[in-house]
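Peer 1: Quick one, what's the 3D model for this:
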Amino acid sequence: MKRVLVLTAALIVFGVNPHPPQKRAPLKLPSLDGRTVDLAQYRGQVVVLSFGATWCPPCREELPVLQKVADQYRGRPVAFFWVSIDDPDVSTEQLRQFVSRLGVRIPVLRDPEASLLQEFKTDGVPALLILDRNGDPVGPPHVGFADPESYRNELTKTLEALLKP
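Peer 2: The predicted model follows:
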């Protein structure tokens with residue numbers, strides 16, 4: 001019971017609903033290397049999707065913090081992705097240079113129509129969507145980024161709660 005309360009509290013503090021919405025359509029997005037990433041392949045892992053764009057100043061601040069959290073969870077059942085909602089005229093090379101300048105090494109996916117964000121009725125970036133080990137969204141995406149320390153702490157709390165057996 002204590003674990004359920006801790007998980008619920010961590011999720012609420014991070015701004016997500018601990019009761020996932022109904023099942024969504026399969027989540028498949030193209031990566032920078034041209035292949036399609038099917039997030040269903042990550043069942044059994046927690047999946048962290050950060051949606052953003054090269055033109056978004058808070059996204060530029062969020063990405064290095066997200067990379068630090070990803071580094072902290074290396075070797076654990078958590079997969080991190082940055083999902084670019086940039087227009088198709090932003091080239092693959094431009095996206096590679098953008099994340100490289102920021103020191104970001106997590107995989108980059110593309111969703112130029114922002115179809116996933118629209119599915120979750122989310123306007124604005126950065127937006128953070130977390131999928132539990134069953135591939136279900138842990139509430140709606142968390143939109144915005146202001147404080148690196150709070151972001152890192154709340155994301156870590158949420159991940160730890162989702163990783164508990």
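Peer 1: Test my guess that K121 contacts P140.
Peer 2: Yes - between K121 and P140 a contact is recorded at 7.5 Å, counting by C-beta atoms under 8 Å. Backbone N, C-alpha and C define where each C-beta goes, glycine included.
Peer 1: List the backbone torsions phi and psi for the most centrally placed residue in the chain.
Peer 2: Closest residue to the average C-alpha location of the chain: L49 at 1.8 Å, with C-alpha atoms, centre = their mean. Backbone torsions of L49, given as degrees, to the nearest 10, read phi -110, psi 120.
Peer 1: Also L129?
Peer 2: Dihedral pair for L129: phi -120, psi 130, per degrees, to the nearest 10.
Peer 1: close enough to count as contact, it and G135?
Peer 2: No - L129 is beyond contact range of G135, at 11.6 Å (criterion: C-beta under 8 Å).
Peer 1: What's the first helix or strand after the helix or strand hosting L29?
Peer 2: Take DSSP states H and E as the rule and L29 turns out to sit in strand 28-30. Per DSSP H and E, the first helix or strand lying C-terminal to strand 28-30 is strand 36-38.
Peer 1: What's the mean pLDDT across that following strand?
Peer 2: Over the span of strand 36-38, the pLDDT mean works out to 95.
Peer 1: Would you list the strands that it pairs with, along with their directions?
Peer 2: strand 28-30 (antiparallel) (DSSP bridges).
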